[in-house]
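> from the sequence below, what's the structure:
(chains A and B)
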2 protein chains.
Amino acid sequence: MSTKYNHVKEKIKSKILEGFFEPHEKIGSESDLMAEHKVSRHTVRKAIDNLANEGWLYKKQGAGTFCADRTLDKEPSMGAVKNIAVITTYFSDYIFPTIIRGAEGYLSENGYQVTVFSTNNNIEQERRCLETILSQKFYGLIVEPTKSALPNPNINYYLNIERLGIPYVMINAYYEELEPIHLIMDDVEGGFQQTNHLIELGHQHILGFFKNDDIQGTKRMKGFIQAHRKSGLPVSPQNIITYTTETKNTTPIEELLLKMKKKEQIPTAIVCYNDQLALNLLNVLRDLEISVPEQISLVGFDDSFLSVASEVKLTTIKHPQVKMGEDAAKTILKLIKQKYESSENGVVPSIKYCPKLVVRKSTKEQEKIELN
Amino acid sequence: MSTKYNHVKEKIKSKILEGFFEPHEKIGSESDLMAEHKVSRHTVRKAIDNLANEGWLYKKQGAGTFCADRTLDKEPSMGAVKNIAVITTYFSDYIFPTIIRGAEGYLSENGYQVTVFSTNNNIEQERRCLETILSQKFYGLIVEPTKSALPNPNINYYLNIERLGIPYVMINAYYEELEPIHLIMDDVEGGFQQTNHLIELGHQHILGFFKNDDIQGTKRMKGFIQAHRKSGLPVSPQNIITYTTETKNTTPIEELLLKMKKKEQIPTAIVCYNDQLALNLLNVLRDLEISVPEQISLVGFDDSFLSVASEVKLTTIKHPQVKMGEDAAKTILKLIKQKYESSENGVVPSIKYCPKLVVRKSTKEQEKIELN
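As a prediction, this is how the structure comes out:
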């Protein structure tokens, strides 16, 4: 229904959702709104009446129209349904269903219901998820940030969520400036372990592939560089390849093909941003008839189901997955209790998981090349 | 001279500069290069001969052409001239000449010469600066990173600089994954002090303007949020305005005009990313006939010459400026000594400067509005 009044209504609602109006702030007069949206008084009135009926605005006789206070001070009364929203970048892919399962399991045991949203690591979709969530009443939010290595234009929505008193925690990464309670891997240490394992096996020409629109990629790259420095091995600039969500299916493959064509200093090992990429590169190597781990070693990250689904079982880094989901659920329930029951006290801590290397079949000692 | 051989020559040189070839790595055969660049054997030979004459490549009879080793193990022999390169985002503007002056003073006293480069906070220009620097022989580099809040595509050049054994330090910000020795402000604390000062003066509706393509902006925003939280004042999402290098002359002004048109909860104070922005906003407020600090308080950042040049002297945060330049010069000389003289030992530390609030005339106590 893209009637005129509906259009005006949605515009005003959007402003409320992103925190443009504060609770009890007067929104413009009818004339202001008529001018702003270039519509008739009738249309403005219809939009406002509608929003007031839905609880977004309230009117005071003779004083005007005000933004409603949607702050959750009391437990929302929604009958028996207690809803928690979980936003992840993806939800049917890779390790994400497992993380969500961990959260869902614990929350449903405790009488909560889980609604899932995914952003496809796209900030515009993240904004739409946040608008949808803010339009409804959720007890709490578990959020995996979208493109966490870039400045986030949706920070305002999170601040509005905070102002409305909705507890939230972030998983896998977090927006630095918000300092939310978070549950993350120690990604620097993870990247260090991946690389150090290969160096200890005698590899000297190691390629590193890192996704750099998510902060995890930057941190794993930092670990890659740290491991080289620690062992006195120079980092070859050409050996670090970065890519983004948008180029993940092209850049790494193109770059690997290029590197394997070299005649000297051919890489003997690869550090992958995650298992998903490791599998993609495994396919490229198979097409090139280069065998893993005999000719080249490969380390994944996340210990996902993919790492044992491939014909060469991947050496990888353990991600807590179900446990992270469960812990996120426990954390959000603690925050909700603190809010509605004065019984629960104390600071709710963030959690950083220590990565652990899982050695399988994709890595192998590099034979010393004997000269003469 | 865009002759064919020159074009091929520049392409090969570019690959050497960004570290595509390692020292002593064989570059392609003549036939490979002919195919790659779609030129004749004659052109390829001319380009290679030229590069060999200039010391970029060397030939081995019967074996081929190799990338020269330009690593600086011995002190470069350049007669009496010892050159240090300083890259900043801007050099004729704002606090940058003062920082450079600090470095230049100390370096020239110690027999070094300074060559300055500026990137205009543009990564393409940063790449060109780095190529120029890598084409010459510098003893060391002092670098202010470009767009430090975004993933940097020039990381490879810095890694190549490291591999070539050229010491470098970063000022004002640094690329996280490189972990270079750095000299920075405590920007979170700075943003906190700006905001806390206003809150202590009784302000409750504080606008914050932050440039978010540089990490300093993200950190100052974090301090802004921290100060609100500490005093229990809710952060209004609408009160945080972010902008970039490209929009710095438009977005903040447009947003301020919009906010000052509001009828309620009009901001009574503004936290500015820096003094430059504070001055721009001061102009907007003068045009609106809003007086500073009577109707609105304003805090700058950097304690630049601008803060006392305006008709309203700015309350601001002290930036070390000359001292940062001097300290950067001292640090780079220590690193150079460590490299060429075994006498100098120990870890060279990074420096974090503690910000200090300078109270002038742009901030004022907010009068309590008496109701009744």
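
> is it fair to say residue A:170 lies in a helix?
No - with DSSP: H, G, I helix; E, B strand; the rest coil as the criterion, residue A:170 is assigned strand and is not in a helix.

> end to end, how far does stretch A:114-126 reach?
18 Å (C-alpha to C-alpha, to the nearest Å).

> that stretch: how far from the chain's middle?
Mean-position distance between stretch A:114-126 and its chain equals 9 Å (C-alpha atoms, centre = their mean, to the nearest Å).

> which stretches of the stretch 151-300 of chain A form helices?
Assigned by DSSP state H, counting those that start in this stretch, the stretch 151-300 of chain A shows helices spanning A:155-163, A:187-200, A:215-230, A:251-260, A:275-287.

> got it, and the stretch 1-150 of chain A?
Counting by DSSP H, counting those that start in this stretch, the helices of the stretch 1-150 of chain A are A:4-17, A:30-37, A:41-53, A:96-109, A:123-135.

> residue B:145: which of the helices of the stretch 151-300 of chain A is closest?
With C-beta to C-beta as the criterion, residue B:145 lies closest to helix A:215-230 of the helices of the stretch 151-300 of chain A, at 13.6 Å. Heads up, the C-betas are built off the backbone N, CA and C, glycines and all.

> helix B:155-163 and the closest one, what's the angle between them?
10 degrees (axes from the mean of the first three to the mean of the last three C-alpha atoms, to 10 degrees).

> buried stuff in helix A:215-230?
For helix A:215-230, a neighbour-count test (16 or more other C-beta atoms under 10 Å in any protein chain shown) marks A:215-228 as buried.

> just to revisit the earlier point, okay if I get the helices of the stretch 151-300 of chain A as JSON lines plus distance to chain B and mean pLDDT?
Output for these, formatted as JSON lines (distance: least, C-beta to the nearest C-beta, whole Å; pLDDT from 0 to 100):
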{"stretch": "helix A:155-163", "distance to chain B": "4", "mean pLDDT": "91"}
{"stretch": "helix A:187-200", "distance to chain B": "9", "mean pLDDT": "98"}
{"stretch": "helix A:215-230", "distance to chain B": "4", "mean pLDDT": "96"}
{"stretch": "helix A:251-260", "distance to chain B": "10", "mean pLDDT": "94"}
{"stretch": "helix A:275-287", "distance to chain B": "17", "mean pLDDT": "94"}
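
> a markdown table for the ones you listed, including distance to residue B:184?
A markdown table is the format used below for those (distance: least, C-beta to C-beta, whole Å):
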| stretch | distance to residue B:184 |
| --- | --- |
| helix A:155-163 | 23 |
| helix A:187-200 | 19 |
| helix A:215-230 | 17 |
| helix A:251-260 | 32 |
| helix A:275-287 | 33 |
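
> can you say which of those is nearest to residue B:209?
Once those are compared by C-beta to C-beta, helix A:155-163 is nearest, at 13.8 Å.

> now that closest one - C-alpha only, PDB.
In PDB, the C-alpha atoms belonging to helix A:155-163 read as follows (Å, rounded to 0.1, in the frame of the first residue of the first chain):
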ATOM      1  CA  ILE A 155      25.500   3.100  15.100                       C
ATOM      2  CA  ASN A 156      22.500   5.400  15.800                       C
ATOM      3  CA  TYR A 157      20.200   2.500  15.800                       C
ATOM      4  CA  TYR A 158      22.200   0.700  18.400                       C
ATOM      5  CA  LEU A 159      22.300   3.800  20.500                       C
ATOM      6  CA  ASN A 160      18.600   4.100  20.200                       C
ATOM      7  CA  ILE A 161      18.200   0.400  21.300                       C
ATOM      8  CA  GLU A 162      20.300   1.300  24.300                       C
ATOM      9  CA  ARG A 163      18.200   4.400  25.100                       C
END
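
> may I see the buried residues of the longest helix along chain A?
As assigned by DSSP state H, the longest helix anywhere in chain A is helix A:322-340. Within helix A:322-340, the residues scored as buried using 16+ other C-beta under 10 Å are A:322, A:324-336, A:338-339.

> ditto for stretch A:177-195
A:177-178, A:180-185, A:187-195.

> end to end on it, go ahead and measure it.
End to end - C-alpha to C-alpha - stretch A:177-195 spans 30 Å.

> what of stretch A:240-253?
14 Å.

> other residues contacting that stretch?
A:121-122, A:147, A:207-214, A:217, A:221, A:224, A:255, A:277, A:280-281, A:284, B:151, B:153, B:155-156, B:159 (C-beta atoms under 8 Å, 6 or more residues apart in numbering or on different chains).

> and these, which of them are buried?
Applying 16+ other C-beta under 10 Å to these flags A:121, A:147, A:207-214, A:217, A:221, A:224, A:255, A:277, A:280-281, B:151, B:155-156, B:159 as buried.

> ok, residue A:333 to residue A:320 distance?
18 Å (C-beta to C-beta, to the nearest Å).

> ugh, wrong one, residue A:121
From residue A:121 over to residue A:320 the distance is 21 Å, taken as C-beta to C-beta.

> low-scoring pLDDT stretches of the stretch 251-372 of chain A, where are they?
Residue ranges of the stretch 251-372 of chain A with pLDDT under 70: A:342-344, A:368-372.

> show me what from it comes close to chain B.
Residues of the stretch 251-372 of chain A lying near chain B by C-beta under 8 Å from any C-beta of the partner chain: A:263, A:264, A:265.

> how about those in TSV, adding neighbour count and distance to residue B:313?
Below are those laid out as TSV (neighbours: other C-beta atoms under 10 Å in any protein chain shown; distance: C-beta to C-beta, whole Å):
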residue	neighbour count	distance to residue B:313
A:263	12	66
A:264	13	63
A:265	17	60
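
> give me phi/psi at whatever residue of the stretch 1-150 of chain A ends up closest to chain B?
When distances are taken as C-beta to the nearest C-beta, the stretch 1-150 of chain A reaches nearest to chain B at residue A:19, 3.1 Å away. The phi/psi pair for residue A:19 (degrees, to the nearest 10) reads phi 80, psi 20.

> thought it was touching residue B:238?
Yes - between residue A:19 and residue B:238 a contact is recorded at 5.3 Å, counting by C-beta atoms under 8 Å.

> who touches both of these two?
Going by C-beta under 8 Å, 6+ apart, residues that sit against residue A:19 and also against residue B:238 are residue A:156.

> the closest residue to residue A:153 other than its chain neighbours: what's it in contact with?
Ranked by C-beta to C-beta, 6 or more residues apart in numbering or on different chains and with sequence neighbours excluded, the top spatial neighbour of residue A:153 is residue A:123, at 6.1 Å. With contact set as C-beta under 8 Å, 6+ apart, residue A:123 has these partners: A:146, A:147, A:152, A:153, A:154.
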